[in-house]
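Q: got a sequence here, can you build the structure:
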Amino acid sequence: MKRLINLTPSRGGRWLLGLLPFLLLAMLYMSLSNARLAENPNDRLLPTPSNMASTFYHLATAENVRTGEVVLWTDTFASLERIVIGVGISALIGLVVGIVNGGIPIIRAKFSPLVTVASLIPPMAILPILFIAFGTGEAAKIALIVIGVTPFLIRDLQGHALRLPDEQLIKAQTLGASSWQVMLRVLLPQLTPRLLNATRLALGTAWLFLIAAEAIAAQEGLGYRIFLVRRYLSMDVILPYVAWITLLAFLLDQLLAWVSRLAFPWYHAGEGDKS
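A: So this is what the prediction gives:
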């Protein structure tokens, strides 16, 4: 008899097992929604899926009378621009500092404690400072993402660099490689796929900071729209927007995973189940 730990579902079975929790949650929501609406047909807390779909379709197709823009796509493009720029800057800084900190001990001794302390500062606590320093425009929102994500990426890459076998560094130096050549030829190729993996893990945190910043000071954006309509208890807008944000985050995650598998197949060679 096979042990449970050794049972591996087929590809089709993985899809079915993955969809099962979502189906159960959908059934639970339908049950609760029907119960509330049976007691009060005007209840706004748990709208029906048809009501949410109708509202979402309206937001995705109807132009705003005042601006002439389609609300959903305006919000989506504004948020995606901020998240891509913020995470991109974080990844670049994280890669450079992570390689230097991980590869040069004298620099690591100076800057590693600073990175550790910076990673412990709650980014939301300094959001007012960012608004004072950068104003309420795009810079403050992007800066919040960078401050919140970059220390995590630096520490992850630095730790991975320190875990690389010493034999690789010794052989490179034996062949005449300088310090910069070791970092560019040995560390960089091995830390880049790690950076993509760490960035995937940091996406959820980046979205959290973005939504918080948009909720406080923005004129468009997914977080701005959610907090704008909350005062009216417009759950038929809030819930579809939450689902839309989740879908966008999932697509970005899968895009990074695809790029990583395409560019660095050797890094994923030992994975039994690609994600």
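Q: which other helices and strands does the host helix or strand of Leu203 contact?
A: In this assignment (DSSP states H and E), Leu203 forms part of helix 188-216. In terms of contacts (3 or more Cβ pairs under 8 Å, 6 or more residues apart in numbering; DSSP states H and E), helix 188-216 is packed against helix 71-103, helix 127-134, helix 138-163, helix 222-229, helix 235-263. Yep, even glycine has a C-beta here, placed from its N, CA and C like the rest.
Q: let's see that with 7 Å instead.
A: helix 71-103, helix 138-163, helix 222-229, helix 235-263 (3 or more Cβ pairs under 7 Å, 6 or more residues apart in numbering; DSSP states H and E).
Q: tell me the buried residues in it?
A: The neighbour-count check on helix 188-216 (16 or more other Cβ atoms under 10 Å) flags 188, 190-200, 202-203, 206-216 as buried.
Q: would you mind giving the secondary structure of Ala218?
A: Under DSSP: H, G, I helix; E, B strand; the rest coil, the three-state class of Ala218 is coil.
Q: and for it, nearest residue in space, chain neighbours not counted?
A: Of all residues beyond its chain neighbours, the one nearest Ala218 is Tyr224 (4.0 Å), with distances taken as Cβ to Cβ, 6 or more residues apart in numbering.
Q: got a list of what the one you found touches?
A: Under the criterion of Cβ atoms under 7 Å, 6 or more residues apart in numbering, the contact partners of Tyr224 comprise Asp75, Glu214, Ala215, Ala218.
Q: out of those residues, which two sit at the greatest distance?
A: Looking at the contacts of Tyr224 by Cβ to Cβ, the two members farthest from one another are Asp75 and Ala215, with 12.4 Å of separation.
Q: spatially central residue in the chain, please.
A: The structure's the chain has its C-alpha centroid closest to Leu203; by Cα atoms, centre = their mean the separation is 1.2 Å.
Q: for it, list the residues it contacts.
A: With contact set as Cβ under 7 Å, 6+ apart, Leu203 has these partners: Val87, Ala249, Leu252, Asp253.
Q: the closest residue to the last one other than its chain neighbours and Lys141, how far apart?
A: Using Cβ to Cβ, 6+ apart and skipping the chain neighbours, the partner closest in space to Asp253 is Arg200 (5.2 Å). When Cβ to Cβ, to the nearest Å is the yardstick, Arg200 and Lys141 sit 21 Å from each other.
Q: so Lys256 makes contact with Ala198?
A: Heads up, residue 256 is Leu, not Lys. No. The pair Leu256 and Ala198 does not pass the contact test of Cβ atoms under 7 Å, sitting 10.0 Å apart.
Q: low-scoring pLDDT stretches of the stretch 151-275 of the chain, where are they?
A: Along the stretch 151-275 of the chain, the parts satisfying pLDDT under 70 run over 270-275.
Q: so how far is the helix or strand containing Gln181 from its chain's centroid?
A: Mapping Gln181 onto the secondary structure by DSSP H and E places it in helix 179-182. What separates the centre of helix 179-182 from the centre of its chain is 32 Å, taken as Cα atoms, centre = their mean, to the nearest Å.
Q: ok, now stretch 221-235?
A: Going by Cα atoms, centre = their mean, the spacing between the C-alpha centre of stretch 221-235 and its chain's C-alpha centre is 21 Å.
Q: please apply the same query to stretch 205-215.
A: Between the mean C-alpha position of stretch 205-215 and that of its chain there is a distance of 10 Å (Cα atoms, centre = their mean).
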